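Asks: One predicted model, sequence on top.
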Amino acid sequence: MAATAPAFHVQSSSVLRPVILHGLLFVLLMVSATGLSTLFTALFHGFDSLLVSTEQLAMAFTFTLVGIPLAWLLWRSIRKRLARPSAFDSAIWSLQASAAYLATLAASSCAALAFLAGLVSAARDGAWQSTLAVALGWGTVCAWQHRQITSSRTAPRQFAQLAATAGNYFSMVLFALSLIATLTVALEILVVPENTLVGPTGMPNLLMALVWLAGSSALWFWHWKLRRVQKMSNLLNSVLLVVLGLAAPALAFLLAIAELVSWVWPQAWTAQERTDLFLDGGPSLLAIIVAAAVLWIYHQSQLRSGLHPAAVVGAAHLALSGVSLAVLATGLGMVVNALFAALGSSVSVGYSAGLLGHGLGLLAFGTAAWLWYFKPWKPFPADSRSAYLVLFFGASSVVALVSLLVFGYRIFEFYLEPDSRLDSLLDTVRGPLGWLVATAAVAGYHFALWRSDKDSRAGSSGKSIASQGAITRRAVVIVGPAASEPMAAQLKARPELAVTWMASSGPALDDRAEVSVLARIEDYLATHHDSFMVLAEADGSVRFINLA
């Protein structure tokens, strides 16, 4: 025990020290960026005491004049360790550098775009000083951090692509939101009479959205193309590509288009009410549909480009199938709920019709996407989707169990609290009953499919074992001179034989003796069906011994 205590102490200190040092460096970098941005704000305001308080100025000087020197001294200590880092040191450095890079990139890029967008706004109120100061202060730290993670001396060796990957997908999300905002403003100008292009809000809002779109596009292009995130093949990049590049746009697209189609569905609305509904929410829904489709289709084309392995392509298809299935199940539950609501007495016709329209939209588009990606009629490798089937069977079973518990709770509540209950038992339980029907159907389908795949794997395994047994049922043991072993190569190439060579003493067989031995073995194979041993002599004579 006494001998192991010092070793444990040394190991603990070697692990905790880099964690503490890099944690302190991260905090000091954030403090330095905050101090620089506050100092720039005071500078742009001309150190006016009416605009910049004494507390803000004191904080700016403290964070800048204390935080930056301390961060530099700490960085010099860390940089010496990075000359010959251990794997753990390099991993901690990569995590800290990526976190600092992402935080400073997000703050500086959003502030810079807000400043540029404010330049084209007709209603500037003098707030540009703070946004420009944040862009410069945090951008300075971001530029320094980027230099360290790309330098040949200090670049992380473990998780070397983490910072670029995180920055890329932040830029992609920023681009998607900017595209939605731009399309929304443009469509509102087209369809809303009050928001004309020459009106007080039309052109300035459109220009501001275009500034955000152009800046986010440039930022995404810089990470995706110039920093070569597009060609990076690591686990994090693959996961983020599937989740943020494919699954999230697919989910947004399906939800938005189902919502839009539900408005077209015949319901108890007047023409004016339907028009008002489209004018209020139509532009934003159309913008989400277009933006999500752009990202979805683009990243789908990346899967077909050959830059990603087949495992990533298969995982992407299963993830999209899972998203579609979740939308399908939600729509099915809403349809069942709407049908029960139509039978109840305490729900208006408009509510049940609206619920039915939403459910049918989700059910239709979710089913179409699920059939496109899952293809239940097409044979699929059972091993590659077994985890998917188990995952969805488990998730849907949990939801079904929760729905069943809520269903039972509503029944008991209906009979135990007659004063606060609804008009009918059906109205009380229709919500959890709809979820129960949908999730039970999903769980049952995936369980049946999983059992079918399991049986097929067992059958194929049994066939392979049986066929392997049929192939290797005849053992042929050849005992001959060691130098004549190549003679058995012709027999080893035959799949129905399991040939074993055992070397014996004596000179090698000549060519005529080898031909004679092989001919005798072929004749014996043709007339006998048991395993046997062959004793080949130097003169070409052969003796056969049957094996049990």
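Replies: Perfect, I can see it now. Residues are numbered from 1 along each chain as shown.

Asks: Need the pLDDT of residue 257.
Replies: pLDDT recorded at residue 257 is 91.

Asks: Could you report the neighbour count for residue 544?
Replies: Residue 544 is flanked by 12 other residues according to other C-beta atoms under 10 Å. In this view, the C-beta of every residue, glycine as well, is placed from N, C-alpha and C.

Asks: oh sorry, the question was meant for residue 377
Replies: For residue 377, using other C-beta under 10 Å, the count is 7.

Asks: helix, strand or coil for it?
Replies: Residue 377 falls in the coil class when you classify it by DSSP: H, G, I helix; E, B strand; the rest coil.

Asks: and it, backbone torsions?
Replies: phi -80, psi -10 (degrees, to the nearest 10).

Asks: do the same with residue 479
Replies: The phi and psi torsions at residue 479 (degrees, to the nearest 10) take the values phi -110, psi 110.

Asks: I'd say it and residue 532 touch.
Replies: No: the criterion here is C-beta atoms under 8 Å, and residue 479 misses it with residue 532 at 11.3 Å.

Asks: per-residue confidence for residue 269?
Replies: We have a pLDDT of 60 for residue 269.

Asks: just residue 447 next, same as before
Replies: pLDDT, read off for residue 447, is 79.

Asks: Likewise for residue 165?
Replies: We have a pLDDT of 93 for residue 165.

Asks: Pull the contacting residues for it.
Replies: Each residue near residue 165 by C-beta atoms under 8 Å, 6 or more residues apart in numbering is listed here: 229, 232, 234, 236-237, 240.

Asks: now those in JSON lines, with pLDDT?
Replies: Below are these laid out as JSON lines (pLDDT from 0 to 100):
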{"residue": "229", "pLDDT": "89"}
{"residue": "232", "pLDDT": "82"}
{"residue": "234", "pLDDT": "81"}
{"residue": "236", "pLDDT": "87"}
{"residue": "237", "pLDDT": "88"}
{"residue": "240", "pLDDT": "91"}
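
Asks: Now, the residues you listed that are in helices?
Replies: Among the contacts of residue 165, the ones falling in helices (DSSP state H) are 236-237, 240.

Asks: still on that earlier bit, closest one of the contacts of residue 165 to residue 525?
Replies: residue 234 (53.8 Å; C-beta to C-beta).

Asks: and that closest one, what are its phi and psi?
Replies: For residue 234, the backbone dihedrals (degrees, to the nearest 10) come out as phi -140, psi 170.

Asks: Now for it, how many residues are close by?
Replies: Residue 234 sits with 14 neighbouring residues when counted by other C-beta under 10 Å.

Asks: Helices along the stretch 1-150 of the chain, start to end?
Replies: 4-44, 54-81, 87-119, 128-150 (DSSP state H, counting those that start in this stretch).

Asks: How about the stretch 351-500 of the chain?
Replies: Secondary structure of the stretch 351-500 of the chain (DSSP H, counting those that start in this stretch): helices at 382-416, 425-471, 489-492.

Asks: Need these in CSV (columns: distance to residue 144).
Replies: Formatted as CSV, the helices of the stretch 351-500 of the chain follow (distance: least, C-beta to C-beta, whole Å):
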stretch, distance to residue 144
helix 382-416, 43
helix 425-471, 51
helix 489-492, 65
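
Asks: Identify whichever of these lies nearest to residue 88.
Replies: Of all these, helix 382-416 sits nearest to residue 88, with 30.4 Å by C-beta to C-beta.

Asks: chain center to the closest one: distance?
Replies: In this view, helix 382-416 has its centroid 24 Å away from the chain centroid, taken as C-alpha atoms, centre = their mean, to the nearest Å.

Asks: Provide the secondary structure category for residue 534.
Replies: Per three-state DSSP, residue 534 ends up strand.

Asks: Once you drop chain neighbours, what's closest to it?
Replies: Of all residues not flanking residue 534 in the chain, residue 478 sits nearest, at 4.7 Å (C-beta to C-beta, 6 or more residues apart in numbering).

Asks: is it true that that neighbour touches residue 536?
Replies: Yes: at 6.6 Å, residue 478 counts as touching residue 536 under the criterion of C-beta under 8 Å.

Asks: hmm, back to that, turn the contacts of residue 165 into JSON lines, including distance to residue 66.
Replies: Below are these laid out as JSON lines (distance: C-beta to C-beta, whole Å):
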{"residue": "229", "distance to residue 66": "36"}
{"residue": "232", "distance to residue 66": "38"}
{"residue": "234", "distance to residue 66": "38"}
{"residue": "236", "distance to residue 66": "35"}
{"residue": "237", "distance to residue 66": "38"}
{"residue": "240", "distance to residue 66": "37"}
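
Asks: Give me the PyMOL select line for the residues you listed, limited to the buried ones.
Replies: To isolate the buried ones among those in PyMOL, judged by 16 or more other C-beta atoms under 10 Å, type:
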select buried, resi 229+232+237+240
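
Asks: any low-confidence regions in the stretch 101-250 of the chain?
Replies: Residue ranges of the stretch 101-250 of the chain with pLDDT under 70: 122-126, 192-201.

Asks: re earlier: out of the helices of the stretch 1-150 of the chain, which comes closest to residue 494?
Replies: Residue 494 sits nearest to helix 87-119 of all those, at 49.8 Å, using C-beta to C-beta.
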